[in-house]
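S.K.: below is the structure, and that's it, no one-letter string:
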């Protein structure tokens, strides 16, 4: 069963639960996608170069790791194509806080952080605040879980 953003929002809205139930019978793709676009079509290089999320353009796509990544300009697309591991978000763009707790959850472009040169995305700004209360501990836990939650 794959949970979509609407179903997950309902879970967050209906209770005090801050995590999404593990994906039970379905294997999640290695990259968080909406349709075929990685991380909602947001230009991942822009987080590093502009310090903010920027919408990518279908004029500047790069296929990597089974998904199509969009970029705002040819320079960002070229940078990603040359070194995708440098710019790709951790945990395939899934929520870093959820991953720290052994779950898979989608992300939104505005809920992001760069820590030690790595991009981390979160479900929303509220969840990002929770993740930021113990960044080193959450990274350590998420690293230990990745990619196992994808195989639930």
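M.R.: Okay, I see it. Computed from a prediction, not measured in an experiment: that's the story for all the values here.

S.K.: the longest strand along the chain: which residues count as buried?
M.R.: Counting residues, the longest strand found in the chain (DSSP state E) is strand 57-64. Of all the residues in strand 57-64, those buried under the rule 16 or more other C-beta atoms under 10 Å are 57, 60, 61, 62, 64. Bear in mind the C-beta positions are built from the backbone N, C-alpha and C, glycine included.

S.K.: how about stretch 33-53?
M.R.: Of the residues in stretch 33-53, those with enough neighbours to count as buried (16+ other C-beta under 10 Å) are 33, 37-48, 53.

S.K.: that stretch: how far from the chain's middle?
M.R.: Per C-alpha atoms, centre = their mean, to the nearest Å, the displacement of stretch 33-53 from the mean C-alpha position of its chain is 9 Å.

S.K.: follow-up on the earlier one: closest one of the buried residues of stretch 33-53 to residue 116?
M.R.: When the buried residues of stretch 33-53 are ranked by distance to residue 116 (C-beta to C-beta), residue 48 comes first, at 12.5 Å.

S.K.: packing partners for the longest strand of the chain?
M.R.: Counting contacts by 3 or more C-beta pairs under 8 Å, 6 or more residues apart in numbering; DSSP states H and E, strand 57-64 is packed against strand 67-71, helix 74-82.

S.K.: let's have these in TSV, adding mean neighbour count.
M.R.: Supplementary listing: the helices and strands packed on strand 57-64 in TSV, determined by neighbours: other C-beta atoms under 10 Å:
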stretch	mean neighbour count
strand 67-71	24
helix 74-82	17
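
S.K.: picking up where we left off before, got CSV for the buried residues of strand 57-64, with pLDDT and distance to residue 98 too?
M.R.: Listed next are those as CSV, based on pLDDT from 0 to 100; distance: C-beta to C-beta, whole Å:
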residue, pLDDT, distance to residue 98
57, 98, 29
60, 98, 29
61, 98, 27
62, 98, 26
64, 96, 23
